[in-house]
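K.L.:
Model the following, please.
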Amino acid sequence: MADVVDRYFSAYNAHDLDAIMGCYCSKPVAVGPGGPVEGRSEMASYHTAIWQAFPDVHVTVLRKVVDREATAITAVGTGRHTGPFPLTTGEVLQGTGRYVSVRCCWFFAAEGGLIVDQQVFFDQLELYLQLGLPLSRLGLPP
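P.N.:
From the prediction side, this is the model:
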């Protein structure tokens, strides 16, 4: 299990879509702040959208815990926001030029050496504030 997760992050940081898709089973599922993603096509679109919004995005793994067919990762994602980024409000934020650094956590489940399920968690408020969004735009009191 740890091998496929290592390959995943190597491919993620290289922005290598073919290599990252090689880490997934035929019908992967994922859940993140943007909602659920199902199937290889949606998974590819998800990664492409992140790389377009943050073309220099890099994830530094801080800790990895492996338990049979499950792996948990804590990491820091960094990058400069220069392209369109879909917000969970449904809006698309155009490039701000701002550099972000956000702690995140991934949980992976694998079968047969391939990722079948992944969940990613990060503090959306931390990200949105680093992108310069005012609290009022997020529906929060100022």
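
K.L.:
what packs against the one helix or strand residue 47 maps to?
P.N.:
Secondary structure from DSSP states H and E places residue 47 in helix 39-53. Judged by 3 or more C-beta pairs under 8 Å, 6 or more residues apart in numbering; DSSP states H and E, the packing partners of helix 39-53 are helix 17-21, strand 24-32, strand 85-86. Using the backbone N, CA and C atoms, a C-beta is placed for each residue, glycine as well.

K.L.:
Just want the most central residue of the protein.
P.N.:
Centroid check for the chain by C-alpha atoms, centre = their mean gives residue 120 as the closest residue, at 6.4 Å.

K.L.:
neighbours around the closest residue to that one other than its chain neighbours, how many?
P.N.:
With sequence-adjacent residues excluded and distances taken as C-beta to C-beta, 6 or more residues apart in numbering, residue 120 is closest to residue 32, at 4.3 Å. Residue 32 has 18 neighbours, counted by other C-beta atoms under 10 Å.

K.L.:
just the one 4 residues further on next, same as before
P.N.:
Residues within reach of residue 36, counting by other C-beta under 10 Å, total 10.

K.L.:
by contact count, what packs against the helix or strand hosting the residue nearest to the centre of the chain?
P.N.:
For residue 120, the host element (DSSP H and E) is strand 114-122. When contacts are defined as 3+ C-beta pairs under 8 Å, 6+ apart, strand 114-122 packs onto helix 2-14, strand 24-32, strand 99-111.

K.L.:
Turn these into a markdown table, columns for distance to residue 73 and mean pLDDT.
P.N.:
Below are the helices and strands packed on strand 114-122 laid out as a markdown table (distance: least, C-beta to C-beta, whole Å; pLDDT from 0 to 100):
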| stretch | distance to residue 73 | mean pLDDT |
| --- | --- | --- |
| helix 2-14 | 7 | 95 |
| strand 24-32 | 13 | 97 |
| strand 99-111 | 4 | 97 |
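
K.L.:
can I get these in CSV with distance to residue 70?
P.N.:
CSV is the format used below for those (distance: least, C-beta to C-beta, whole Å):
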stretch, distance to residue 70
helix 2-14, 10
strand 24-32, 14
strand 99-111, 5
